[in-house]
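Chemist: Need coordinates for the below:
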Amino acid sequence: MKLKIGYEELIARAMAQIETVPIEKAQDLLGDPETIFVDIRDIRELERDGMIPNAIHAPRGMLEFWVDPDSPYYKPIFGEGKRLILYCASAWRSALATETLQAMGVPKISHLEGGFSAWKNAQLPTVTKASKPHSA
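Modeler: Predicted coordinates:
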């Protein structure tokens, strides 16, 4: 079966439309109270690999519902006007999700360059799902 648009083109299109935050800048934003890191990976990935300290988990499958104030699943943290930096494992899902939220009108939305893999490869801090710090 030949698709009209494959995943690589979808990601390339998204990347051309969204802001990508470099790892170095993201590291500087880690303690910023006006920035929220949003981990969109599956819960099993978080439990296996850890996450960025103080990040919130918003599963990719629920993200649009959690950010829309008209949704019965709305989470108020998404309406606080803070900068949101989405991330996944490799920045593919987060690129697509960032493009979608941007299209929905979510302000101050971006995603992490290289995803959680790049974060860990840079030996930046991570925490376990239980929020216990550990080294990358």
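
Chemist: residue contacts, the residue nearest the centre of the chain?
Modeler: Nearest to the mean C-alpha position of the chain, by C-alpha atoms, centre = their mean, lies Leu86 at 1.7 Å. Counting by C-beta atoms under 8 Å, 6 or more residues apart in numbering, Leu86 makes contact with 38, 40, 94, 97-98, 101, 109-112. The C-beta positions use only the backbone N, C-alpha and C, and glycine is treated the same way.

Chemist: Check those and tell me the two furthest apart.
Modeler: Leu101 and Leu112 (14.1 Å; C-beta to C-beta).

Chemist: Run through this structure and note the low-pLDDT ranges.
Modeler: 130-136 (pLDDT under 70).

Chemist: Where do the helices of it begin and end?
Modeler: Counting by DSSP state H, the chain has helices at residues 7-17, 23-29, 43-49, 63-67, 92-104, 115-121.

Chemist: Can you lay out those helices as CSV showing distance to Lys82 and mean neighbour count?
Modeler: Listed next are the helices of the chain as CSV, based on distance: least, C-beta to C-beta, whole Å; neighbours: other C-beta atoms under 10 Å:
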stretch, distance to Lys82, mean neighbour count
helix 7-17, 21, 13
helix 23-29, 11, 15
helix 43-49, 21, 13
helix 63-67, 12, 19
helix 92-104, 13, 21
helix 115-121, 19, 19
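
Chemist: I'd like those laid out as JSON lines, including distance to Ile56.
Modeler: Shown next, in JSON lines, are the helices of the chain (distance: least, C-beta to C-beta, whole Å):
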{"stretch": "helix 7-17", "distance to Ile56": "22"}
{"stretch": "helix 23-29", "distance to Ile56": "14"}
{"stretch": "helix 43-49", "distance to Ile56": "11"}
{"stretch": "helix 63-67", "distance to Ile56": "10"}
{"stretch": "helix 92-104", "distance to Ile56": "14"}
{"stretch": "helix 115-121", "distance to Ile56": "14"}
